[in-house]
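S.K.: let me see the structure of the following:
(chains A and B)
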Amino acid sequence: MAHLFPSEPWATAYKGAVNDNPNYKSAGKDWTHGAVALIVRADPSIQLDQDMAILLDVHAGTCNAASYMSGADAREKAAFAVEGPYDNWKKLIVENQDPIKALMQGKLKLTKGHLPTMIRYVESSKQLLASAQGVPTEFRR
Amino acid sequence: MSADYASRIAFGPGAEDNGLASMVAGLILQNLQDRPDKRGDFARLHGNISIVAEDAGVAMTLEFAGDHLTVHDGIVGIPSITVRAKSDDIVQMSLLELTRRFALPNPRGATARAIADKSRRGEVRVFGALLHLPMLLRLTRLLSVN
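M.R.: Next comes the predicted model:
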């Protein structure tokens, strides 16, 4: 059953996908730097009236929780935040696009967090986002 | 020396919208704020260095003027050094292992060996490296997360 992206059911399924990804378990085993927020910018044309986020409580290769919340709340709670428009997130998920390339092209932005730490864990970040491909997803457009 | 490095990094037109430029500038700023041992390299850098993420179709130029940096969108001026590589490999370069003594790239490090292999295959190209080796070493240390 496909889950609407982004939404609470999608977040729940994403948590499972992250934990089912052995590459993330390996690459993220040393991650102890806090929660990561994936923030989708507001887009009223697809009923996203405010920024919405998936907040991932990830630690030592395991996703302990994935919560759907406002972008504002996620920015406050997360140690790291990556933001972008809906269409860019969709492209990342559908095409398994390299998130590093997306950051360099300005399609996504790291808006919170210590950049050198993120770079040290670049493989972990890539696997975290690659896990999204394991979620049956229904897109809003 | 003042620790207000944010005021010493400026963006040229369009550079803040360039993801590569933002990332590199952000990395340099964070390193300068966190690591006093990298500030000497920043102060001694003069000239232009361009970085091209070939798979992403993005380029940027770092214009160093000794303790001041202007970050440009695209290739600006005649760079002393130009680095051409895939996005992943550019990020890998900031993971280069450094020797404890003199903080030089450690040729025995796994990342250094991988980058060297890619250089031999032409996947990573650094133009001007030999002519401007001290500049390249300073940049490497400045961008390193190690």
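S.K.: quick check: closest non-adjacent residue to the residue in chain B that chain A sits nearest to.
M.R.: For chain B, the residue closest to chain A is residue B:19, as judged by C-beta to the nearest C-beta, at 3.5 Å. From N, CA and C alone the C-beta is placed, and that goes for glycine too. Spatial nearest neighbour of residue B:19, excluding adjacent residues (C-beta to C-beta, 6 or more residues apart in numbering or on different chains): residue A:106 at 3.5 Å.
S.K.: give me the neighbour count for that neighbour.
M.R.: Counted with other C-beta atoms under 10 Å in any protein chain shown, the neighbours of residue A:106 add up to 19.
S.K.: what are the phi and psi values at the closest residue to chain B within chain A?
M.R.: Using C-beta to the nearest C-beta, residue A:106 is the residue of chain A that sits closest to chain B, at 3.5 Å. Main-chain dihedrals, residue A:106, degrees, to the nearest 10: phi 80, psi 10.
S.K.: which residues touch it?
M.R.: The contact partners of residue A:106, taken as C-beta atoms under 8 Å, 6 or more residues apart in numbering or on different chains, are B:17, B:18, B:19, B:22, B:58.
S.K.: rerun at 10 Å
M.R.: A:84, A:88, B:16, B:17, B:18, B:19, B:20, B:21, B:22, B:23, B:56, B:58 (C-beta atoms under 10 Å, 6 or more residues apart in numbering or on different chains).
S.K.: residue B:30 versus the first one, what's the distance?
M.R.: This means residue A:84. Residue A:84 sits at a distance of 21 Å from residue B:30 (criterion: C-beta to C-beta, to the nearest Å).
S.K.: repeat for the third one
M.R.: Distance check for residue B:16 against residue B:30: by C-beta to C-beta, it reads 16 Å.
S.K.: so which of these two has more stuff around it?
M.R.: Between residue B:16 and residue B:30, residue B:30 has the larger neighbour count (other C-beta under 10 Å), namely 18 against 14.
S.K.: picking that back up, quick check, pLDDT for the residue nearest to residue B:19.
M.R.: Per-residue pLDDT puts residue A:106 at 91.
S.K.: what residues does chain B have near chain A?
M.R.: B:16-31, B:34-35, B:51, B:53, B:55-58, B:60, B:86-92, B:94-95, B:143-146 (C-beta under 10 Å from any C-beta of the partner chain).
S.K.: out of those, which are buried?
M.R.: Buried by 16 or more other C-beta atoms under 10 Å in any protein chain shown: B:18-31, B:35, B:51, B:53, B:55-56, B:58, B:60, B:86-92, B:94-95, B:143-146, out of the residues of chain B next to chain A.
S.K.: so where do the helices sit in chain A?
M.R.: A:8-19, A:22-27, A:71-77, A:86-94, A:99-104, A:115-120, A:122-130 (DSSP state H).
S.K.: tell me the most buried of those helices?
M.R.: helix A:99-104 (a mean of 25; mean count of other C-beta atoms under 10 Å in any protein chain shown).
S.K.: CA atoms only: put that helix into CSV for me.
M.R.: Once non-C-alpha atoms are left out, helix A:99-104 reads as follows in CSV (Å, rounded to 0.1, in the frame of the first residue of the first chain):
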residue,chain,number,x,y,z
PRO,A,99,21.8,14.0,-2.5
ILE,A,100,25.4,15.4,-2.7
LYS,A,101,24.8,16.4,-6.3
ALA,A,102,21.4,17.9,-5.3
LEU,A,103,23.1,19.9,-2.5
MET,A,104,25.7,21.2,-5.0
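S.K.: this completes my enquiry, with thanks.
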